[in-house]
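Student: Provided below for reference: sequence and predicted model.
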Amino acid sequence: GAGVSQSPSNKVTEKGKDVELRCDPISGHTALYWYRQSLGQGLEFLIYFQGNSAPDKSGLPSDRFSAERTGGSVSTLTIQRTQQEDSAVYLCASSPGAIGAYNEQFFGPGTRLTVL
Amino acid sequence: QKEVEQNSGPLSVPEGAIASLNCTYSDRVSQSFFWYRQYSGKSPELIMSIYSNGDKEDGRFTAQLNKASQYVSLLIRDSQPSDSATYLCAVIRGYQLTFGKGTKLSVIP
C-alpha cells in the first residue's frame, strides 16, 4: 500500500503492562511523527523523527513513553507500565521532509489503545 | 490564549449550500497552514494546504489565508452529505503540527 500503516489497529491491555505500537511510513518520507488523540480531546503531538533521530521528545507525556525509528523507516512507540489515562488513539504521520510544503503530514489509521 | 482556535460547532448547512469554516491562530511566525477532514472513528485526512496570503482553490474546496489577521478559513461549495465530518485546522510551528479542536459539519440532505 502507498499510505502510512500502523499495527495493531486495536490493543486492549491491563494496567501495568507494556505495549508496543508500530508505524510504517510512506516510502521515501524522511520525517515521522507520533500524535495522540483522546476522547473529546484534540490531537496532541508526542515526538518527531528526522531519519532515525528524534530532535524533539518534549511531547512525550512521561518517561514511561519511548520511541525509536530504525533504517529511516519503521518506528515503534513503547509505553511501559500502562495506566488508564494512556487510553487513546495513537496516530502516526509521515511527511517528505520537515520544512514548508515538504511538511504535509499524512496520517495512518491509528492504533486504539484501551487500558483496563 | 489557545494556539489554534476553531468554533466547535456543530455547523449545519443544507445540501448544495456553501459551508464556511474558520480558524484563528496565535503564533505570528507560523508559515504553513492545513485543513484536515476527520470522519468519526477514522484518522485525519489532509484536504488542503496553504502557505501564502490569499485564496487557494481545489475542486469544491477553497482555503483562505490572512496572515495579518492570523486567520485561516475553508469554504466548501455545493456541500454534500458526504462532507459531514469534523474539520481540523492545523498550523505548523517548526516541524510540529498544532491542531485546533475541530469544527463538526453536518450537511443536511
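Tutor: Yep, that arrived. Nothing here was measured: the structure is a model prediction, and the numbers come from that model.

Student: can you give me the strands for chain B?
Tutor: B:4-6, B:11-14, B:19-25, B:33-38, B:45-50, B:54-58, B:61-66, B:71-76, B:85-93, B:96-99, B:103-108 (DSSP state E).

Student: each with direction, which strands does the fourth one pair with?
Tutor: Strand B:33-38 has these partner strands in its sheet, going by DSSP bridges: strand B:45-50 (antiparallel), strand B:85-93 (antiparallel).

Student: which of those sits most buried?
Tutor: Burial of those is given as mean neighbour count (mean count of other CB atoms under 10 Å in any protein chain shown); strand B:85-93 ranks first at a mean of 23. Quick note: C-beta positions are derived from backbone N, CA and C, even for glycine.

Student: I'd like the distance from it to the chain centre, please.
Tutor: Using CA atoms, centre = their mean, to the nearest Å, the mean C-alpha position of strand B:85-93 is found 6 Å from that of the whole chain.

Student: again, but for stretch B:56-76
Tutor: For stretch B:56-76 - counting by CA atoms, centre = their mean - the centre lies 8 Å from the chain centre.

Student: dump the C-alpha coordinates for it into CSV.
Tutor: C-alpha atoms of stretch B:56-76 as CSV (Å, rounded to 0.1, in the frame of the first residue of the first chain):
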residue,chain,number,x,y,z
LYS,B,56,-6.3,28.6,-2.9
GLU,B,57,-8.9,26.5,-4.7
ASP,B,58,-9.0,22.8,-5.2
GLY,B,59,-12.3,21.5,-6.6
ARG,B,60,-15.1,22.4,-4.3
PHE,B,61,-12.7,23.5,-1.6
THR,B,62,-11.2,27.0,-1.2
ALA,B,63,-8.7,27.8,1.6
GLN,B,64,-8.2,31.4,2.5
LEU,B,65,-5.3,32.8,4.5
ASN,B,66,-4.8,36.3,6.1
LYS,B,67,-1.6,36.3,8.0
ALA,B,68,-2.1,39.9,9.2
SER,B,69,-5.3,38.9,10.9
GLN,B,70,-3.9,35.4,11.8
TYR,B,71,-7.0,33.9,10.2
VAL,B,72,-7.5,30.8,8.0
SER,B,73,-10.8,29.6,6.5
LEU,B,74,-12.1,26.8,4.5
LEU,B,75,-15.1,27.1,2.1
ILE,B,76,-16.9,24.1,0.8
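
Student: the strands of chain B: lowest mean pLDDT?
Tutor: The weakest mean pLDDT among these belongs to strand B:96-99, with a mean of 88.
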